[in-house]
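**Student:** Next come a sequence and a model predicted from it.
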Amino acid sequence: MTFEIDINGRTRTVAIEKTVGGKYRVSLDGQLHEINAARVGVYGLSLLDGQAGISREVQVTPGTTRGELLVSLSGRTIAATVNGRRTGRAGVDAGGGDGEQTVVAPMPGRVVRVLVAAGDEVAVRQGVVVVEAMKMENELRAPRAGKVKEINVTPGTLVEAGRVLLVIE
Amino acid sequence: MTFEIDINGRTRTVAIEKTVGGKYRVSLDGQLHEINAARVGVYGLSLLDGQAGISREVQVTPGTTRGELLVSLSGRTIAATVNGRRTGRAGVDAGGGDGEQTVVAPMPGRVVRVLVAAGDEVAVRQGVVVVEAMKMENELRAPRAGKVKEINVTPGTLVEAGRVLLVIE
Amino acid sequence: MKILIANRGEIAVRIIRACREMEIPAVAVYSDCDRDARHVREADQAVHIGPSPAAQSYLRIEGIIEAARRTGADAIHPGYGFLAENAVFARACRDAGLTFIGPSPEAIGLMGSKTAAREAAIRAGVPVVPGLEQPFAADASAAEIAAAGAGVGYPLVVKAVAGGGGKGMRTVEKPEELLPAIRTARSEAGSAFGDSAVYLERRIINPRHIEIQLLGDHHGTVIPFVERECSIQRRHQKVVEESPSIAVDPGLRRRIAAAAASVARSVGYTNAGTIEFLLDESGAFYFLEMNTRLQVEHPVTEMVTSVDLVQWQIRIVRGERLDIDPERALSPHGHAIECRIYAEDPDLGFMPSPGLVRGLRPASGPGIRDDGGVGVGYTVPVFYDSLIAKLVAWGGSRPEAVSRMRRALREYQVLGIRTTIPFFLWLMRQPEYSAGEYDTTYLDRLLASRRESFNELDADDEDLAAIAAGLDAYLRASAAAAGQGTPESAALWKHAARREALRG
Amino acid sequence: MKILIANRGEIAVRIIRACREMEIPAVAVYSDCDRDARHVREADQAVHIGPSPAAQSYLRIEGIIEAARRTGADAIHPGYGFLAENAVFARACRDAGLTFIGPSPEAIGLMGSKTAAREAAIRAGVPVVPGLEQPFAADASAAEIAAAGAGVGYPLVVKAVAGGGGKGMRTVEKPEELLPAIRTARSEAGSAFGDSAVYLERRIINPRHIEIQLLGDHHGTVIPFVERECSIQRRHQKVVEESPSIAVDPGLRRRIAAAAASVARSVGYTNAGTIEFLLDESGAFYFLEMNTRLQVEHPVTEMVTSVDLVQWQIRIVRGERLDIDPERALSPHGHAIECRIYAEDPDLGFMPSPGLVRGLRPASGPGIRDDGGVGVGYTVPVFYDSLIAKLVAWGGSRPEAVSRMRRALREYQVLGIRTTIPFFLWLMRQPEYSAGEYDTTYLDRLLASRRESFNELDADDEDLAAIAAGLDAYLRASAAAAGQGTPESAALWKHAARREALRG
């Protein structure tokens, strides 16, 4: 089986072939790994990589938006989608074409400030909208550099989780 | 729905009727409880009982023999079966009629000593067979008082988990 | 005695633990979204007190007093936040014949006002940060405000009179920023504490935030403890606390502790409280405010002094005498560090990350204490503070505590939502942090210049992450094809297969 | 440095934690049934070393040395049990150019023999329990054995020369019981340690088991620590350990510690080791044996002395000098208690209860340390010791530690298998235990007269247990009818419904 994995902003091709007794021949972008894998708990995988038996426990759980997976190891968590854009499973976070990205409200709240205007150039992680929720003002940031294409809210707007606030192209 | 629960050696009749929003009218042997129940995790139930909201977290998991449930609360764990003997789900631990009980090997091992003979009267929790396993000699005990009906092993016998060693009637 | 805990989350769980150790029944209260919260599951009784918004549940005084009455509780522990520093609530408890586990309503009323507390400190001969002695009137004109700002001098800090925890607080560098800052601080303070009054304080340059925990009994004894160092703050919110402070030597410790105790004694303070100070580069310290309650960061004090502060809060209201050796209270045993694990995404500017907790494995082992507040299957709600656990590491020395914290952070698993764990893993590697060279502005300065993700993996780990995502999809597809359903049922199936194998 | 851990379970996890804190890569080894064990998951590398029976994996010296070679490990930590006290293994490591993290093969060989160790103690001027100075020959006649028994006097104890942990040990009250006891002890010792030699010791009446942990560096320094009290034993196996002992005052502490240190110095002992003593009612103490390794119960010492023993084991082999203040090592800070959580059913005579761990929530919070060895989804195998976790409670005083232990035991959840937690909950309520009035025979005497279940619930809890079993069946039936499958998927469904509700 072959999967296209979008992970940490890159697309990787993972081809998996089961060999014997929990062992797998995995080709990652053409590079071969001999992986010994065991399920641990509901979301966990214990991986041993190669002769040296490099050991990592990796947790793969559904994320908070549809189709997104959270992959955790070594204390870090990164987002991934599997065959994501191709199967059309992308949910509220899908901004459209490859060139567009949206800023969505991660939880219900009230828009306090809009820090950019349509047409502005923004840098990656630049603050764009401030939403008050969970008793704090929270600055939402641009997921990538680009130009602000549209702004769907104004200060005072009450938003639900998942609401698209702004589109960057 | 009504269930017959064998728990801690007693049979209890539990009739359950859902009312509203996680609340249940539960009749336990005819005595009424207003229970507010919430699932917590895969096996857990958070119960609030009555106006006083007596709170207990109860974990109900499959046990190590078929059909047996382990019910844990307040740091203790007791065995239960639901409609057990009636639906014929009882597994290796089913000794037959209500009057019979078996002593089974809980893990693979070697029989070291048999402490009783067929026909002997035994008291509840009296040691009956010693099995060496997990590096220790382990004394298996009678689950209830009665008479030893049959003995299926002799010292030296290698036994698997679940093997019936002895029947008490 | 039976104690109702007028709170939720980790602090409610912490108080339940103290109750259980003292064999006192504990009653929880809960809002709609907290039905399956951990504090409800672990209490002996639990009472529903209203809808999810705090104003309709955890902040509703009558509902809480009614819950105590219904369950036969005769004492109320307020935790921190919510009603903990609300003199009206403390008085309502007294009027209802319930013991409020905290200071008197009078002490809360006095010290809960930052401006009144400053006056008390001045009377006790303790230096305060220069600033206004009165809050602005609600209708203060722009000109009045500008004049007051000029009088205090820039940079200055706008502070809410009520509350704590860094809410309703703004730093102002230049006169033209003052009005907008006051507006925001007022609105935040109003929604957080129901009191929008604000005042001004001079901003101390490169200060450390040092605070003194103290306990006072009803027999006139006040015991101050070794200081906590809380200078690691993000936008005035503490995120890491330690005890002792690397910047405080035994002589300074005695002087600050004595100052704190004299303020507390001067107002007849009882129960647990904390006096916060700013320490400047010259070693001078200034009274900042008093928190008339248990603090979030109380565990670091417990770990270096062997004192259970929550148990003492209860013993004090029972009339017991403090029998803690004052010398030991000021002699730290080892070093403790606390990281506040928030349900926030550090890569999105610490945006809250509420949601379903799908898996949870707190760190444990040598020197580690986890004060957790959530369980697996619980949905972290959008209605409250996003603190889900406090991870505390103890070591014989500060470097040992830091090493343990790093190890524990890597061990800690919270699945399904984002947390601040990756941020702490990064922070614990910063050379200034390791060296203890920081002040309250350190973290904001560091974060302002940072653009990289806190979740960066090295190339090999990123490869394994991709492989794991692929294998996960592969195994799920295979299990579905084999009709085994979820991994849970697959695990059962594997177990059955193993048992067969052992028999064969 | 890279350390291979030639062990499994909780002690392997403990050592991995120490490695991580010291930033040393850790390599695990595993047998067939341990593929998904926690120590494999948490190590940096892991190597398969053979089938499940220990003789074919964890006890196979060549396999372990080969694993070290393959992964580039340059040091081996043996943990306890398995090869930890095997001089042949320690020598094989040395020959392979690997650092053995423990004493020299010579010290292991000398002190690992109980009879040789007794001679060493006698030479160091330390009193020993009266008994045989040599083990029986394999072909000793019944008459020789009877004569030896009469010489030592009854009651006496048959003891294996090798090993430890209470295995191969039998108490004999009357001459006619001696031959059968020797037979069983030999067979147990042979299968546990590969050495069936046994000898006899006089049985001390109502003794306490007191032991002294010590560390020795390669520069001639030996530091003894405050004693551990390990008298709570079931059939010679420790189940609860504490530090300090309620029966030892500072004067006695100094004398026992000095005796232990002098034995260790007399044999040039290095690294971690423990000398066990019996303490009789008059306050006299007798050398019993030496364990030339880390002990299961080392955490209680760590918790009252602030010393990380495992880290020190590593630092010592690196050539570091012990810089621990000897005064502090003998001055306990508070009180610590450890309960060994075994996968055993206390209601079936502590029968092993292997099986799938379906859920796990260790206790945590103030004063609690969990040294766990298993994870959710792991099947506790039938091949090894059944210890799955060590729960340690610390308090400012012994009563405080006992209260915390009780609280933590109630909090601890291990789902799917039986454990000894209910037994400990019962033990912690026994008046003799609370008062500290016990000796090594206490627990066996108490258990002999006991017939009730350790899992007894009060009537209300038993009602709720029945209701829960019914509700569980009801909810599973409803979920199945609604096509929702397992509770896991139901939880997801609930989560989705909530999100919808929040939007609406």
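**Tutor:** Received, thanks.

**Student:** who's in contact with the residue nearest the centre of chain C?
**Tutor:** By Cα atoms, centre = their mean, the mean C-alpha position of chain C lies nearest to residue C:296, the distance being 2.9 Å. For residue C:296, the contact set (Cβ atoms under 8 Å, 6 or more residues apart in numbering or on different chains) comprises C:11, C:80, C:165, C:238, C:241, C:340, C:387, C:390. Bear in mind the C-beta positions are built from the backbone N, C-alpha and C, glycine included.

**Student:** now do 6 Å
**Tutor:** residue C:80 (Cβ atoms under 6 Å, 6 or more residues apart in numbering or on different chains).

**Student:** secondary structure class for it?
**Tutor:** Reducing the assignment to helix, strand or coil with DSSP: H, G, I helix; E, B strand; the rest coil, the entry for residue C:296 is coil.

**Student:** Could you tell me how far stretch C:59-68 lies from the centre of the chain?
**Tutor:** The gap between where stretch C:59-68 is centred and where its chain is centred comes out at 23 Å by Cα atoms, centre = their mean, to the nearest Å.

**Student:** Kindly report the same for stretch C:179-192.
**Tutor:** 21 Å.

**Student:** measure the residue nearest to the centre of chain C to residue C:390 for me?
**Tutor:** Computed as Cβ to Cβ, to the nearest Å, the residue C:296 to residue C:390 distance reads 7 Å.

**Student:** And for residue C:470?
**Tutor:** Residue C:470 sits 36 Å away from residue C:390 when distances are taken as Cβ to Cβ.

**Student:** Looking at these two, which has the bigger crowd around it?
**Tutor:** residue C:470 (29 against 23; other Cβ atoms under 10 Å in any protein chain shown).

**Student:** can you pull the contacts of the more buried one?
**Tutor:** Taking Cβ under 6 Å, 6+ apart, one finds A:3, A:5, A:14, A:16 in contact with residue C:470.

**Student:** Got the phi and psi for residue C:398?
**Tutor:** The phi and psi torsions at residue C:398 (degrees, to the nearest 10) take the values phi -60, psi -50.

**Student:** what about residue 39, which SS state?
**Tutor:** You didn't say which chain, so I picked chain A. Using three-state DSSP, the structure places residue A:39 in strand.

**Student:** Wait, chain C was what I had in mind.
**Tutor:** Judged by three-state DSSP, the three-state class of residue C:39 is helix.

**Student:** Spell out which residues of chain A are next to chain C.
**Tutor:** Applying Cβ under 6 Å from any Cβ of the partner chain, one finds that chain A approaches chain C through A:1, A:3, A:5, A:7, A:12, A:14, A:16, A:26, A:28, A:37, A:39, A:42-43, A:45, A:47, A:56, A:58-61, A:64, A:71, A:73-78, A:80, A:82, A:106-108, A:125, A:134-135, A:138-139, A:141.

**Student:** Buried ones only from those residues, please, as a ChimeraX command.
**Tutor:** Selection of the buried residues among these in ChimeraX, burial being defined by 16 or more other Cβ atoms under 10 Å in any protein chain shown:
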select /A:3,5,7,12,14,16,26,28,37,39,42,43,45,47,56,58,59,60,61,64,71,73,74,75,76,77,78,80,82,106,107,108,125,134,135,138,139,141
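
**Student:** farthest-separated two in the contacts of residue C:470?
**Tutor:** Across the contacts of residue C:470, no pair lies farther apart than A:5 and A:16, at 11.1 Å, counting by Cβ to Cβ.

**Student:** where does chain A have low pLDDT?
**Tutor:** Along chain A, segments meeting pLDDT under 70 span A:85-99, A:135.

**Student:** Report the closest residue of it relative to chain B.
**Tutor:** When you check chain A against chain B by Cβ to the nearest Cβ, the closest residue turns out to be residue A:42, at 7.8 Å.

**Student:** Do me a favour and get the backbone dihedrals for that residue.
**Tutor:** The phi and psi values for residue A:42, taken as degrees, to the nearest 10, are phi -80, psi -40.

**Student:** any idea how far residue C:472 is from it?
**Tutor:** When Cβ to Cβ is applied, the distance between residue A:42 and residue C:472 equals 11 Å.

**Student:** For the residue in chain A positioned nearest to chain C, grab phi and psi.
**Tutor:** Going by Cβ to the nearest Cβ, chain C is nearest to residue A:14 of chain A, at 3.3 Å. Backbone torsions for residue A:14, taken as degrees, to the nearest 10, come to phi -120, psi 110.

**Student:** Pretty sure it sits against residue A:6.
**Tutor:** No. Look at residue A:14 against residue A:6 with Cβ atoms under 6 Å: they stay out of range, at 11.3 Å.

**Student:** near chain A, which residues of the stretch 351-500 of chain C?
**Tutor:** When proximity is defined by Cβ under 6 Å from any Cβ, the stretch 351-500 of chain C lies next to chain A at C:351-352, C:354-355, C:358-359, C:382, C:386, C:409-410, C:415-416, C:422, C:425, C:451, C:455, C:457, C:461, C:463-474, C:487-488.

**Student:** Could you report the neighbour count for residue C:130?
**Tutor:** Tallying neighbours of residue C:130 according to other Cβ under 10 Å, which is how burial is gauged here, yields 15.

**Student:** For it, report the pLDDT, please.
**Tutor:** On pLDDT, residue C:130 comes in at 87.

**Student:** now residue C:164
**Tutor:** What the model reports for residue C:164 is a pLDDT of 68.

**Student:** For whatever residue of chain C ends up closest to chain A, pull up the helix or strand it's in.
**Tutor:** Nearest to chain A in chain C, going by Cβ to the nearest Cβ, is residue C:470, at a distance of 3.3 Å. Per DSSP states H and E, residue C:470 falls inside helix C:459-481.

**Student:** can I assume residue C:167 is in contact with residue C:190?
**Tutor:** No. Between residue C:167 and residue C:190 there is no contact, the gap being 10.5 Å when judged by Cβ under 6 Å.

**Student:** Compare neighbour counts for the two and give me the winner.
**Tutor:** The residue with more neighbours, out of residue C:167 and residue C:190, is residue C:167; 22 against 16, by other Cβ under 10 Å.

**Student:** Excluding chain neighbours, what is closest to that one?
**Tutor:** When the adjacent residues along the chain are set aside, residue C:167 lies closest to residue C:192, with 4.5 Å between them (Cβ to Cβ, 6 or more residues apart in numbering or on different chains).

**Student:** Report the secondary structure state of that neighbour.
**Tutor:** helix.

**Student:** can you check the one 4 residues further on too?
**Tutor:** At residue C:196 the chain is in coil, as set by three-state DSSP.

**Student:** contacting residues for it?
**Tutor:** The contact partners of residue C:196, taken as Cβ under 6 Å, 6+ apart, are C:186, C:189-190.

**Student:** Could you tell me the per-residue confidence at residue C:492?
**Tutor:** pLDDT, residue C:492: 44.

**Student:** For the stretch 51-200 of chain C, which residues are neighbours of chain B?
**Tutor:** Going by Cβ under 6 Å from any Cβ, the residues of the stretch 51-200 of chain C near chain B are residue C:71.

**Student:** let's see 10 Å
**Tutor:** Along the stretch 51-200 of chain C, the residues adjacent to chain B under the rule Cβ under 10 Å from any Cβ of the partner chain are C:67, C:70-72.

**Student:** give me the number of residues near residue C:11?
**Tutor:** Applying the criterion other Cβ under 10 Å, we find 28 residues in the vicinity of residue C:11.
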